[in-house]
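**Student:** Here is a sequence with its predicted model. Questions after.
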Amino acid sequence: MRRILFAVAMLLGTALAAPAQTVQDILQTHADEVAKPSRKSVGVVLDDLVASGLPIVPLFLENWSNKDAWQRKEDGIFFMGAPGPDGLLVLRDLDSDTILQGEKSDYKQLKPNGGVRRVIGSALVQFQLSDPDADSRANALTSISRKPEASQLAPLLASIEGDPDPAIKARKIQLANFLSARFADDPLDRIGAIASLATDTSVEARSVLNQILTVTAGAAKELPDANIARALDPTEAPDVFYAQLVAAELAPPVTAPAAIRAALEQNIVDGRVADIPVAQLGDPDTRNRAYVRLASAGTVPQLVTEVYRDAALAEHVFYEVYDEKDPAITAAAEEALASVETRVAWAQTVDLALDGLSLASIYFLAAIGLAITFGVMGVINMAHGEFIMMGAYTGYVVQLFIPDYTISILVALPLAFAITFGAGVTMERLVIRHLYHRPLETLLATFGISIALQQLAKNIFGTQARPLT
């Protein structure tokens with residue numbers, strides 16, 4: 001009994017004294033797969049690396065994806081590194097963090113293909129989502145938004161609670177909602193996420209809903225037992241729908257006139273084709289009759305005319321079927337998308353109304369200014385538009401010096417009045433004062449001033465439109 005207890009104690013002591021598994025140990029376990037990875041099998045390596053929780057794993061995955069990982073040919077040990085000076089490799093040991101140099105010929109560069117790099121990128125996102133650096137977390141979210149996948153949902157949900165940045169946390173919640181709508185395991189979770197998108201008018205939300213509602217066109221003798229989106233009317237485009245039947249091998253292709261002629265030429269026997277003299281084949285109807293006889297004998301394919309095409313279309317049904325098999329999910333997505341499109345339409349209507357009101361206000365100000373000037377002074381001021389231009393460029397120049405939009409507009413408003421007032425007084429004292437009661441001369445003089453002011457603005461600001469926020 002004492003010997004048994006002693007043996008157990010020795011085994012326990014050995015297990016407790018055993019060193020923890022390192023990244024190198026994991027890589028050596030899957031050495032062949034690391035050296036020559038494939039998209040379908042690399043997941044085993046990545047699962048073991050992610051499960052280890054070792055801090056060096058994200059850095060190795062990043063180097064591996066960027067082709068900055070190397071394997072020593074002598075003993076198969078893996079390193080991170082890149083070519084350095086004098087043609088040598090500058091390498092970093094994965095476990096000891098030691099830096100060493102080596103001849104490039106003694107190492108093999110790991111070059112995962114594009115598919116493997118995408119899989120590695122998905123695994124790397126799991127680490128980046130919880131990275132202390134806010135930029136890394138933001139980059140991970142950008143990566144997810146560009147290529148969303150089902151595997152990203154679980155790590156994204158797990159990273160939301162502890163994120164200290166409110167903006168990044170809100171973005172995580174939004175992306176988690178998008179991914180849940182497409183990839184959640186429970187249909188009720190998907191429907192709930194889809195319903196929440198009914199008030200989101202962003203392009204991303206509409207893209208998610210449209211992806212859920214993707215359809216595939218089909219044709220058959222009768223409607224299949226599937227999630228049918230809509231039935232289609234083949235009479236709207238008979239040739240297009242018949243081509244769909246041909247592609248599905250449900251009907252023969254349309255027989256072209258050139259094909260009929262070639263078939264008849266190949267079947268001339270003693271100056272006749274299907275007992276019809278060659279001299280009579282100049283008529284299209286006779287050629288078709290001869291071709292039909294050949295088709296009845298099995299010599300050539302069946303003649304497909306418009307009549308045959310229309311009959312074939314009438315015998316089949318054409319439809320679009322949702323790629324998503326659950327009708328409840330597609331119904332929720334349709335309802336949400338209809339709500340979003342209604343909101344977008346109203347927003348566009350309001351935007352257009354405000355744009356129209358803004359433009360009308362500008363024309364109204366210009367018109368009332370001209371009317372007041374002519375009514376009070378009897379002067380037709382053709383440079384009136386250039387005075388409006390002065391006010392606009394005043395706002396632009398002020399914004400260049402004062403980046404804060406609110407402060408800049410508060411400064412620009414009185415300054416625009418002052419500058420245009422000064423320009424108006426100058427023009428009146430130098431030109432208009434000498435031309436009162438001579439409307440034609442004031443028209444010509446102010447027209448010349450208008451041209452001069454336009455050219456001055458082009459010389460100072462250029463001909464491109466300038467932004468004013």
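**Tutor:** That came in fine, so what should we check first? In this text the structure is predicted, and so the values were computed from the model without any measurement. Residues are numbered from 1 along each chain as shown.
**Student:** before we move on, what SS does residue 70 have?
**Tutor:** strand (DSSP: H, G, I helix; E, B strand; the rest coil).
**Student:** From residue 25, how far out is the closest residue in space to it that isn't next to it in sequence?
**Tutor:** Nearest non-adjacent residue to residue 70, counting by C-beta to C-beta, 6 or more residues apart in numbering: residue 107, 4.3 Å away. All C-beta atoms are positioned from the backbone trio N, CA, C, and that covers glycine. Residue 107 sits 20 Å away from residue 25, taking C-beta to C-beta, to the nearest Å as the criterion.
**Student:** Looking at those two, which one has more neighbours?
**Tutor:** Neighbours per residue (other C-beta atoms under 10 Å) separate residue 107 from residue 25, with residue 107 holding more: 20 against 14.
**Student:** can you tell me which residues contact the more buried one?
**Tutor:** 70, 71, 72, 73, 79, 89, 91 (C-beta atoms under 8 Å, 6 or more residues apart in numbering).
**Student:** Equivalent analysis for residue 138, please.
**Tutor:** 168, 171.
**Student:** May I ask which helix or strand encompasses it?
**Tutor:** Using DSSP states H and E, residue 138 maps to helix 134-146.
**Student:** Quick check: mean pLDDT of the helix or strand that that helix is followed by?
**Tutor:** Next helix or strand after helix 134-146 toward the C-terminus (DSSP H and E): helix 153-160. Computed over helix 153-160, the mean pLDDT rounds to 86.
**Student:** Same check on stretch 251-260?
**Tutor:** Here the average pLDDT along stretch 251-260 is 81.
**Student:** Now the terminal residues of it, how far apart.
**Tutor:** For stretch 251-260, the first-to-last residue distance is 18 Å (C-alpha to C-alpha, to the nearest Å).
**Student:** Could you tell me how far residue 40 is located from residue 113?
**Tutor:** From residue 40 across to residue 113, the span is 12 Å (C-beta to C-beta).
**Student:** which of the contacts of residue 107 are buried?
**Tutor:** Buried members of those, counted by 16 or more other C-beta atoms under 10 Å: 70, 71, 79, 89, 91.
**Student:** Quick check: the farthest pair among these?
**Tutor:** Between any two of the buried ones among the contacts of residue 107, the greatest separation by C-beta to C-beta is 11.5 Å, found for 71 and 89.
**Student:** show me where the stretch 1-150 of the chain has strands.
**Tutor:** Counting by DSSP state E, counting those that start in this stretch, the stretch 1-150 of the chain has strands at residues 69-72, 78-83, 88-93, 99-103, 107-109.
**Student:** could those strands be laid out in TSV, adding distance to residue 203?
**Tutor:** Output for those, formatted as TSV (distance: least, C-beta to C-beta, whole Å):
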stretch	distance to residue 203
strand 69-72	37
strand 78-83	39
strand 88-93	42
strand 99-103	46
strand 107-109	40
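**Student:** buried residues in the helix holding residue 138?
**Tutor:** Across helix 134-146, burial judged by 16+ other C-beta under 10 Å covers 137, 138, 140, 141, 143, 144.
**Student:** Then stretch 97-112?
**Tutor:** 102, 107, 110, 112.
**Student:** and of the residues you listed, the nearest to residue 173?
**Tutor:** Nearest to residue 173 among these: residue 112, at 32.5 Å, using C-beta to C-beta.
**Student:** Just list the residues touching that closest one, thanks.
**Tutor:** Here residue 112 is in contact with 37, 42, 64, 65, 67, 120 (C-beta under 8 Å, 6+ apart).
**Student:** Same question for residue 446.
**Tutor:** Per C-beta under 8 Å, 6+ apart, neighbours of residue 446: 379, 380, 381, 382, 383, 384, 427, 431, 432.
**Student:** Next, find the distance separating the residue nearest to it when sequence neighbours are not counted from residue 371.
**Tutor:** Spatial nearest neighbour of residue 446, excluding adjacent residues (C-beta to C-beta, 6+ apart): residue 382 at 4.2 Å. For residue 382, the distance to residue 371 (C-beta to C-beta) stands at 14 Å.
**Student:** Name the SS class of the residue nearest to residue 379 when sequence neighbours are not counted, please.
**Tutor:** Setting aside the residues directly before and after it, residue 379 is nearest to residue 442 in space (C-beta to C-beta, 6+ apart), at 4.8 Å. At residue 442, secondary structure determined by three-state DSSP is helix.
**Student:** Ok, residue 318 next?
**Tutor:** strand.
**Student:** that older thread, narrow the contacts of residue 112 to those that are buried.
**Tutor:** Applying 16+ other C-beta under 10 Å to the contacts of residue 112 flags 37, 42, 64, 65, 120 as buried.
**Student:** Would you format those as TSV with pLDDT and distance to residue 437 included?
**Tutor:** Formatted as TSV, the buried ones among the contacts of residue 112 follow (pLDDT from 0 to 100; distance: C-beta to C-beta, whole Å):
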residue	pLDDT	distance to residue 437
37	86	91
42	83	91
64	86	87
65	85	82
120	83	85
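**Student:** Report the mean per-residue pLDDT for stretch 350-359.
**Tutor:** The predicted model gives stretch 350-359 an average pLDDT of 95.
**Student:** coming back round to it: next, work out how far apart the residue nearest to residue 70 and residue 80 are.
**Tutor:** From residue 107 to residue 80 the distance is 11 Å (C-beta to C-beta).
**Student:** Mutual contacts of the two, please.
**Tutor:** Listed as contacting both residue 107 and residue 80 by C-beta under 8 Å, 6+ apart are 70, 91.
**Student:** Can you list the neighbours in contact with stretch 208-226?
**Tutor:** The contact list for stretch 208-226 (C-beta under 8 Å, 6+ apart) reads 178, 181-182, 194, 197, 229, 231-232, 241, 244-245, 248, 250, 315-325, 329-330, 333-334, 336-337, 340.
**Student:** same check, this time on stretch 78-88
**Tutor:** With C-beta under 8 Å, 6+ apart as the test, stretch 78-88 has contacts from 24, 27-28, 34, 59-60, 63, 68-72, 89-94, 101-104, 107, 110.
**Student:** Span of it from start to end?
**Tutor:** 16 Å.
**Student:** Tell me the buried residues in it?
**Tutor:** Those would be 78, 79, 80, 81, for stretch 78-88 by 16+ other C-beta under 10 Å.
**Student:** which one's the longest helix in this structure?
**Tutor:** For the chain, the helix with the greatest residue count under DSSP state H is helix 327-377.
**Student:** Distance from that one to the middle of the chain?
**Tutor:** Here the centre of helix 327-377 is set off from its chain's centre by 27 Å, with C-alpha atoms, centre = their mean, to the nearest Å.
**Student:** How about stretch 309-325?
**Tutor:** 31 Å.
**Student:** What is the end-to-end distance of that stretch?
**Tutor:** With C-alpha to C-alpha, one end of stretch 309-325 sits 32 Å from the other.
**Student:** Counting by contacts, list what the longest helix of the chain packs against.
**Tutor:** Helices and strands touching helix 327-377, by 3 or more C-beta pairs under 8 Å, 6 or more residues apart in numbering; DSSP states H and E, are helix 187-196, helix 203-212, helix 384-401.
**Student:** could you dump the second one to PDB, C-alpha only?
**Tutor:** Think helix 203-212. Taking C-alpha atoms only, helix 203-212 is exported to PDB below (Å, rounded to 0.1, in the frame of the first residue of the first chain):
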ATOM      1  CA  VAL A 203     -26.400  51.700 -45.600                       C
ATOM      2  CA  GLU A 204     -25.000  48.800 -43.500                       C
ATOM      3  CA  ALA A 205     -28.400  48.000 -42.100                       C
ATOM      4  CA  ARG A 206     -30.000  48.000 -45.500                       C
ATOM      5  CA  SER A 207     -27.200  45.800 -46.800                       C
ATOM      6  CA  VAL A 208     -27.700  43.300 -44.000                       C
ATOM      7  CA  LEU A 209     -31.500  43.100 -44.800                       C
ATOM      8  CA  ASN A 210     -30.900  42.800 -48.500                       C
ATOM      9  CA  GLN A 211     -28.400  39.900 -47.900                       C
ATOM     10  CA  ILE A 212     -31.000  38.100 -45.900                       C
END
